[in-house]
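> what's the 3D shape of this:
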Amino acid sequence: MTRKTGRAKTQTVDAVLAALADPQRRKVVDVLRAGPRNAGDLSRLVGVSAPAMSRHLRMLKGSGIVSETHPDYDARVRVYALRTESLGALKDWLETTERLWADQLAAFKTHLER
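Modelled structure (predicted):
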């Protein structure tokens, strides 16, 4: 992995973690697991005002967790969908961290057994 690629992955992981730090944004992700929804539905289902939902969706879009489309019948309507591939960098980071801890604990066990 090149240095630039590593930095980009770190920035992606940071953006995803920052977006998922808020419980209401995690609720949005949970709702979108069932399929795309418009902003009004998300606002109602998550239980936040439309302006608050707009802010949450902006953060989720900026981190790449959700995408926004406009149906052909009405360009004013915004439909949001989960982009599961955006969580790949976070998943990779978690797997690497888990391997690191497993290796460290195995080395510690070996040390104690000597």
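
> alpha carbons only for contacts and neighbour counts from here, please
Fine.

> okay, the nearest residue to Val16 once chain neighbours are set aside and Met53: tell me how far apart.
Nearest residue to Val16, sequence neighbours excluded (CA to CA, 6 or more residues apart in numbering): Ser63, at 5.4 Å. As for Ser63, its distance to Met53 is 15 Å (criterion: CA to CA, to the nearest Å).

> so where's this protein uncertain?
1-10 (pLDDT under 70).

> now Ser63, what are its backbone angles?
Backbone torsions of Ser63, given as degrees, to the nearest 10, read phi -90, psi -10.

> help me confirm that it comes into contact with Thr12.
Yes - using CA atoms under 8 Å, Ser63 makes contact with Thr12 at a distance of 7.0 Å.

> surely Asp74 is within a strand?
No - secondary structure of Asp74 (DSSP: H, G, I helix; E, B strand; the rest coil): coil, not part of a strand.

> how close does it sit to Gly40?
Distance from Asp74 to Gly40, by CA to CA: 14 Å.

> same question, Thr84
Distance, Thr84 to Gly40, using CA to CA: 22 Å.

> those two: who's more crowded?
The neighbour count for Thr84 versus Gly40, taken as other CA atoms under 10 Å, is higher for Gly40 (17 against 12).

> just list the residues touching the more buried one, thanks.
With contact set as CA atoms under 8 Å, 6 or more residues apart in numbering, Gly40 has these partners: Ala50.

> flag every buried residue along the helix or strand harbouring it.
Per DSSP states H and E, Gly40 falls inside helix 39-46. By neighbour count, and taking 16 or more other CA atoms under 10 Å as the criterion, the buried residues in helix 39-46 are Ala39, Gly40, Leu42, Ser43, Val46.

> isn't the third one up against Val28?
So the one you mean is Leu42. Yes - with contacts counted by CA under 8 Å, Leu42 reaches Val28, the gap being 6.7 Å.

> for the protein, just list every one of the helices.
3-20, 23-32, 39-46, 50-62, 88-113 (DSSP state H).

> just the CA atoms of the fourth one, as CSV, please.
It refers to helix 50-62. The C-alpha trace of helix 50-62 is given here as CSV (Å, rounded to 0.1, in the frame of the first residue of the first chain):
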residue,chain,number,x,y,z
ALA,A,50,-36.5,17.8,8.9
PRO,A,51,-33.7,20.3,9.4
ALA,A,52,-31.9,17.9,11.7
MET,A,53,-32.3,15.1,9.3
SER,A,54,-30.9,17.3,6.5
ARG,A,55,-27.8,17.8,8.6
HIS,A,56,-27.5,14.1,9.4
LEU,A,57,-27.9,13.1,5.8
ARG,A,58,-25.3,15.7,4.7
MET,A,59,-22.8,14.1,7.1
LEU,A,60,-23.7,10.6,6.0
LYS,A,61,-23.3,11.6,2.3
GLY,A,62,-20.0,13.3,2.9
